[in-house]
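Asks: Based on what follows, work out the 3D shape:
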Amino acid sequence: MQRGTGACELPESRVLLRFGGCIKRGWVAPCPHPSPPPASATRWGRSVQRRIASLSREYEAVYIFDAGLEDAAINDKLAKHHGLLGTQQEITLDHWGRRQLAYKIGTKETGYYVIARFHAEAKVLPEYERSLKLDDSVIRYLITVREHDLGAPPMTEEQLAARRKTDDDDDDEE
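Replies: A predicted model of the protein is given here:
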């Protein structure tokens with residue numbers, strides 16, 4: 001039996017093959033010889049995957065470094081990791097400093113927290129994460145897609161004045 005010919009021969013009774021599954025008496029079973037999906041499906045899927053991988057999105061990463069490291073060593077490690085991103089835009093760093101961990105991680109009770117905001121393509125993230133995993137001085141890290149700023153959008157002075165006026169009017173109704 002050749003793979004992908006569209007026919008599946010099993011020792012039981014009649015079996016029909018349709019896109020990788022054998023239909024037999026009303027139920028679907030995995031087929032040992034699945035036929036390939038139509039060419040149009042694979043072409044469309046690959047183009048979408050390429051388009052998604054080439055999108056530059058804004059990410060936010062939180063790192064917890066070993067608290068025993070010097071500030072210069074932490075900055076060197078950040079520069080090394082961020083060099084893998086290959087971004088032309090500026091990376092915003094927010095150093096929170098040394099803090100007590102919420103719970104003990106291994107033998108560590110304190111860590112040095114850093115938050116980074118950067119733009120990068122999705123295809124560079126696996127290598128970036130791999131370098132973070134291999135770095136022993138990184139206790140934990142979390143990378144998220146930054147979709148928008150948290151909280152309400154900033155208000156203009158006119159909007160603030162209008163809101164104060166309506167809040168003052170509500171108090172008079174008692």
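Asks: helix or strand for the closest residue to residue 74 other than its chain neighbours, which one?
Replies: Of all residues not flanking residue 74 in the chain, residue 65 sits nearest, at 5.3 Å (C-beta to C-beta, 6 or more residues apart in numbering). Every residue, glycine included, has its C-beta placed from N, CA and C. Using DSSP states H and E, residue 65 maps to strand 56-66.
Asks: So which bits of that strand are buried?
Replies: Residues of strand 56-66 classed as buried by neighbour count (16 or more other C-beta atoms under 10 Å): 59, 60, 61, 63, 64, 65, 66.
Asks: So the fourth one versus residue 115, what's the distance?
Replies: The one in question is residue 63. According to C-beta to C-beta, to the nearest Å, residue 63 stands 8 Å off from residue 115.
Asks: Also the second one?
Replies: Separation of residue 60 from residue 115 (C-beta to C-beta): 7 Å.
Asks: contacting residues around stretch 77-91?
Replies: 56, 63, 65, 69, 93, 114, 116-121, 124, 127-128, 131-132, 135, 137-138 (C-beta atoms under 8 Å, 6 or more residues apart in numbering).
Asks: helices or strands next to the strand holding residue 65 in the packing?
Replies: Using 3 or more C-beta pairs under 8 Å, 6 or more residues apart in numbering; DSSP states H and E as the contact test, the elements touching strand 56-66 are helix 71-83, strand 108-121, strand 138-145.
Asks: pLDDT score for residue 82?
Replies: Looking at residue 82, its pLDDT is 91.
Asks: related to what we said a few turns ago, what's the most buried one of the helices and strands packed on strand 56-66?
Replies: strand 108-121 (a mean of 18; mean count of other C-beta atoms under 10 Å).
Asks: strands paired with it, and their directions?
Replies: Take DSSP bridges as the rule and strand 108-121 pairs in its sheet with strand 56-66 (antiparallel), strand 92-105 (antiparallel).
Asks: Taking strand 138-145 as reference, get the angle to that strand.
Replies: For strand 108-121 against strand 138-145, the angle by axes from the mean of the first three to the mean of the last three C-alpha atoms, to 10 degrees is 30 degrees.
Asks: following strand 108-121, which helix or strand comes up?
Replies: Counting by DSSP H and E, what follows strand 108-121 is helix 125-134.
Asks: If you average the pLDDT over that following helix, what comes out?
Replies: On average, the pLDDT along helix 125-134 is 93.
Asks: so what does that helix touch, helix or strand wise?
Replies: Contact here means 3+ C-beta pairs under 8 Å, 6+ apart; on that basis helix 125-134 packs against helix 71-83, strand 138-145.
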